[in-house]
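after the sequence you'll find the predicted model.
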Amino acid sequence: MWSYYEIVMLALTIWREARGETREAKIAVAHTIVNRVNNPGWWGTDIISVLTKKWQYSSMTDPNDRQLTNWPKTGDPVFSECLEIARSVVDGSHKSSLKGIDSYYDDSLKGNAIPKWAKENPDRLVGKIGRLNFYNLDKDVER
């Protein structure tokens, strides 16, 4: 039963964080979460603990993020896509083209708003999809 909850919460995070992005970007966002789960550390040991770790996925925990109170409407086709992506990433049938990614930030962040970890680790940028910049901060490469 808990696996349903994890998939719905993963889909909600994908929807909140990347609903205006391509399918490839949505898959990559899901992989940042699953890669954290697969390499447990300070950011969590399962999907729910990763998603609810304060300040990690702002749309899920930041009280100042307007996405925190944004919910998909019944029948939303983008949320349906996010549910399918969440399920397929968890079961391993969707891979990301970006290996080892565990973090990202959106191009809307400029200057001082760019995360400190991104500024301090430009060599760990793995790639960019749409407006999202993906990093491998823990320096591993998932197989």
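Okay, I see it. No experiment lies behind these values; they were computed from the predicted model shown.

export the worst-scoring helix or strand of the chain on mean pLDDT to PDB, keeping only CA atoms.
Least confident element among the helices and strands of the chain, by mean pLDDT, DSSP states H and E: helix 58-61 (a mean of 82). Taking C-alpha atoms only, helix 58-61 is exported to PDB below (Å, rounded to 0.1, in the frame of the first residue of the first chain):
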ATOM      1  CA  SER A  58      10.800  23.600  -2.400                       C
ATOM      2  CA  SER A  59       7.400  22.900  -3.800                       C
ATOM      3  CA  MET A  60       6.900  20.300  -1.100                       C
ATOM      4  CA  THR A  61       8.400  22.000   2.000                       C
END
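
contacts for it?
Under the criterion C-beta atoms under 8 Å, 6 or more residues apart in numbering, residues 12-13, 16-17, 51-55, 65, 67-68, 70 lie in contact with helix 58-61. Any C-beta I mention is one placed from the backbone N, CA and C, and that applies to glycine too.

next one: stretch 130-143 to chain centre, how far?
11 Å (C-alpha atoms, centre = their mean, to the nearest Å).

could you give me the average pLDDT of that stretch?
Throughout stretch 130-143, pLDDT has a mean value of 82.

sitting in helices, which of the contacts of helix 58-61 do you find?
Among these, the members falling in helices (DSSP state H) are 12-13, 16-17, 51.

tell me where the model's unsure across this protein.
Low-confidence segments of the chain (pLDDT under 70): 1-2, 140-143.

go again with 80.
Along the chain, the parts satisfying pLDDT under 80 run over 1-2, 40-42, 61, 65, 68, 139-143.

tell me the secondary structure for the residue most central in space within it?
Geometric centre of the chain, nearest residue: V29, 3.3 Å, by C-alpha atoms, centre = their mean. Following DSSP: H, G, I helix; E, B strand; the rest coil, V29 is assigned to helix.

do Y104 as well
On the basis of three-state DSSP, Y104 is classed as strand.

burial check on it, number of neighbours?
A count of nearby residues for Y104, using other C-beta atoms under 10 Å, gives 25.

beta-bridge partners for it, please?
F134 (DSSP bridges).

so it makes contact with H31?
No. Using C-beta atoms under 8 Å, Y104 and H31 do not qualify as a contacting pair, with a distance of 9.8 Å.
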